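> Predicted model follows, preceded by the sequence.
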There are 2 protein chains.
Amino acid sequence: MLTIGKLGQQAGVKVPTIRYYEQIGLLPEAERSAGNQRLYSRKALERLAFIRHARDLGFTLEAIRDLLSLSDNPDQFCAAADAIARAQLAEVESRLARLMALKAELERMVLQCAGGRIADCRVIEVLGDHSLCATDHSHPEPELSL
Amino acid sequence: MLTIGKLGQQAGVKVPTIRYYEQIGLLPEAERSAGNQRLYSRKALERLAFIRHARDLGFTLEAIRDLLSLSDNPDQFCAAADAIARAQLAEVESRLARLMALKAELERMVLQCAGGRIADCRVIEVLGDHSLCATDHSHPEPELSL
DNA sequence: CCTTGAAGCTATAGTTGCTAGAGACATTAG
DNA sequence: CTAATGTCTCTAGCAACTATAGCTTCAAGG
């Protein structure tokens, strides 16, 4: 049985984060020692590692909740998990595309900095004017979430 | 003079967001009509478009605050604005690198889905095991922020 | 002129995924 | 046995908005 600190170390998750996951029901309520401290089994460590890994891959806690409930019921079809993973992949691909466009624009901006005074600065100028933009930001557009 | 709704339309920013920007001091307090409604000049529209554009490029509101104060004082040197833009570019490049690694791993995961039951699902399995991971997630590692 | 509906106002609370602090109890090393 | 570390609960805070409630103001139609 592991204390919360050891568990956190082994899973690479901070202690308050573990308590937070318990609070929002992503982890079950932990067993307690005589002195009321949380104790964790190897299974709990696996579950937390799963969460950690999925978070690293950018899955939201909601998506992870779904994946966990699928893995808790092994009779369901893989298709559901696959769909969640595919959605995540699509998300990542779209962020990637946006970031590449942004990188290009930022590079252009930085290259054009003449080293002079702000009055002549391309960085400020480019940011002030959407029409100089490489990417299309025509206005009533869904918000970008980077 | 524009009402807040028109301003929002023209800049591509939602009305509550404009009020929020005013509240946190990113926009100056707007003039008011006789009936206490906010009125905006063309200059305000430009400032808001600047903010919008910088947000699209992933600048934080803090970075934008700095850029705005630079452009409000055009006698300063360009170097400061350039530094902010370069920092932003570095940020974007590092996110890009992480995202590309994630994309690779997600693709591997999704490809291996056999279409069977969860018990056999690679998605779940891969997520449960860091050691199958392409990227290095050795444990006491700074958090990823996608 | 009056009404109606859209748009505006303030203020507060919720969102996501944590992180940080206070103040008290538990456990462990020397 | 004591001191240091770890853990407990609870609350509040972060970014950057978004949503709700309950009100007032404005513009257009009848």
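Perfect, I can see it now. Predicted model, so just to flag it, every value in this text is computed and none were measured. Numbering: from 1, shown residues only, chains lettered A, B, ... in the order given.
> pLDDT of the lengthiest helix in chain A, averaged?
Longest helix in chain A, counting residues (DSSP state H): helix A:78-111. Taken as a whole, helix A:78-111 has a mean pLDDT of 79.
> packing partners for that helix?
Using 3 or more C-beta pairs under 8 Å, 6 or more residues apart in numbering or on different chains; DSSP states H and E, the elements in contact with helix A:78-111 are helix A:61-72, helix A:122-128, helix B:78-111, helix B:122-128. Where you see a C-beta, it was placed from the backbone N, CA and C, and this is true even at glycine.
> tell me the secondary structure for the residue nearest to the spatial centre of chain A?
Nearest residue to the geometric centre of chain A (C-alpha atoms, centre = their mean): A:Gly58, 3.4 Å. Put simply, A:Gly58 is coil when judged by DSSP: H, G, I helix; E, B strand; the rest coil.
> hmm, back to that, tell me what angle the longest helix of chain A forms with helix A:61-72.
150 degrees (axes from the mean of the first three to the mean of the last three C-alpha atoms, to 10 degrees).
> right, is stretch A:1-20 up against chain B?
Yes: shown here: stretch A:1-20 in contact with chain B (C-beta under 8 Å from any C-beta of the partner chain) through A:9-12.
> how far away is the residue of chain A found nearest DNA strand C from A:Thr3?
Across chain A, the shortest distance to DNA strand C (C-beta to the nearest atom of the strand) belongs to A:Gly35, at 2.1 Å. Separation of A:Gly35 from A:Thr3 (C-beta to C-beta, to the nearest Å): 11 Å.
> ditto for A:Arg108
53 Å.
> Mind checking what helix or strand follows the helix or strand where A:Glu22 lies in sequence?
Following DSSP states H and E, the helix or strand that holds A:Glu22 is helix A:15-23. Using DSSP H and E, the next helix or strand after helix A:15-23 towards the C-terminus is strand A:31-32.
> Looking at that following strand now, give me its mean pLDDT.
Per-residue pLDDT values over strand A:31-32 give a mean of 96.
> Does DNA strand C have contacts with it?
No: judged by C-beta under 7 Å from any atom of the strand, strand A:31-32 and DNA strand C are separated, with a smallest distance of 9.0 Å.
> so what strands line up beside that strand?
Counting by DSSP bridges, the strands paired with strand A:31-32 are strand A:38-40 (antiparallel).
> For the residue nearest to A:Ala87 when sequence neighbours are not counted, the count of nearby residues, please.
Of all residues not flanking A:Ala87 in the chain, A:Ala63 sits nearest, at 7.6 Å (C-beta to C-beta, 6 or more residues apart in numbering or on different chains). Residues lying near A:Ala63 (other C-beta atoms under 10 Å in any protein chain shown) number 18.
> residues of stretch A:14-30 that come out buried?
Using 16 or more other C-beta atoms under 10 Å in any protein chain shown as the test for burial, stretch A:14-30 gives A:17-18, A:21-22, A:26-27, A:30.
> closest to B:Ser94 among the residues you listed?
A:Thr17 (22.4 Å; C-beta to C-beta).
> tell me which element the closest residue to DNA strand D within chain A falls in.
Residue nearest to DNA strand D within chain A (C-beta to the nearest atom of the strand): A:Gly5, separated by 2.5 Å. Using DSSP H and E, A:Gly5 sits within helix A:4-11.
> do that helix and DNA strand C meet?
No: Helix A:4-11 lies apart from DNA strand C when judged by C-beta under 7 Å from any atom of the strand; the minimum separation is 9.6 Å.
> Quick check: closest non-adjacent residue to A:Ile84.
Leaving out its chain neighbours, A:Ile84 is closest to A:Ala63 (C-beta to C-beta, 6+ apart), at 5.4 Å.
> isn't that neighbour right next to A:Gln88, touching?
Yes: contact criterion C-beta atoms under 8 Å: A:Ala63 and A:Gln88 qualify, at 6.6 Å.
> Relative to chain B, how far out is the residue nearest to A:Ile84?
To chain B, A:Ala63 is 11 Å away according to C-beta to the nearest C-beta, to the nearest Å.
> Mind putting the helices and strands packed on helix A:78-111 into a markdown table with distance to DNA strand D?
As requested, these are exported to a markdown table (distance: least, C-beta to the nearest atom of the strand, whole Å):
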| stretch | distance to DNA strand D |
| --- | --- |
| helix A:61-72 | 13 |
| helix A:122-128 | 14 |
| helix B:78-111 | 11 |
| helix B:122-128 | 24 |
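> tell me which residues in the one helix or strand A:Lys43 maps to are buried?
Assessed by DSSP H and E, A:Lys43 sits inside helix A:42-56. Residues of helix A:42-56 classed as buried by neighbour count (16+ other C-beta under 10 Å): A:44, A:47-56.
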